[in-house]
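> Test case, fold it:
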Amino acid sequence: QPRLVESGGGLVQPGGSLRLSCKASGVGLRSYAIGWFRQAPGKEREGVSCISSDDDTTFYEDSVKGRFTISRDDDRRTQNTVYLQMNSLKRDDTAIYYCHTAVGATDYWGQGTQVTVSS
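Alright, predicted model coming up:
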C-alpha cells in the first residue's frame, strides 16, 4: 500500500520560498493523481494543488495561483516524488501541509509538514 512522506517545511519570512516534497513508497506515482492540502489552526483542511496521473494536468486553489507550482519526478529508481514549489509566501500560507492520493476508494495521507510564514 502507498506510503507518503512529506518534507521541506519550515519557518520563512513573508515573500520567501520553500519547496515541499512528497516522497512515495509502495506505489509508482505515475499511476495516481497527487494532491497537496493544508490545514491552518482552527480551520478545515483545504485543497491547495493537485496533479493528474495521466497527462500531468495541474490545478491550483485561487489564493496560490501564480505563486505555487506542483510537479512530479516519478522515476521509481530515483525520486518517486511530487514537489510543491511555494514562492512569494504570505502569512496566510501558514499551515500544516499534507500530500494525498487515493487508491480506489481508499485515501492515503502523509504525516504533514509545518510551514510557518512569519517575520
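
> For Arg45, the count of nearby residues, please.
Using other C-beta atoms under 10 Å, Arg45 has 15 neighbouring residues. Placement of C-beta: from N, CA and C, glycine included.

> how near is it to Gly28?
26 Å (C-beta to C-beta, to the nearest Å).

> And for Ser7?
Going from Ser7 to Gly28 by C-beta to C-beta gives 20 Å.

> The residue positioned nearest the centre of the chain and Ile70, how far apart?
Nearest residue to the geometric centre of the chain (C-alpha atoms, centre = their mean): Trp36, 3.3 Å. As for Trp36, its distance to Ile70 is 7 Å (criterion: C-beta to C-beta).

> Ile51 too?
Taking C-beta to C-beta, one finds Ile51 at 5 Å from Ile70.

> for Pro2, same thing?
On the measure of C-beta to C-beta, Pro2 and Ile70 end up 18 Å apart.

> In terms of neighbours, single out the busier of these two.
Neighbours were counted for Pro2 and for Ile70 using other C-beta under 10 Å; Ile70 has more, 23 against 18.

> Next, that one: secondary structure please.
What DSSP: H, G, I helix; E, B strand; the rest coil gives for Ile70 is strand.

> Tell me who's in contact with it.
Counting by C-beta atoms under 8 Å, 6 or more residues apart in numbering, Ile70 makes contact with Ile34, Trp36, Ser49, Cys50, Ile51, Thr58, Tyr60, Val82, Tyr83, Leu84, Gln85.
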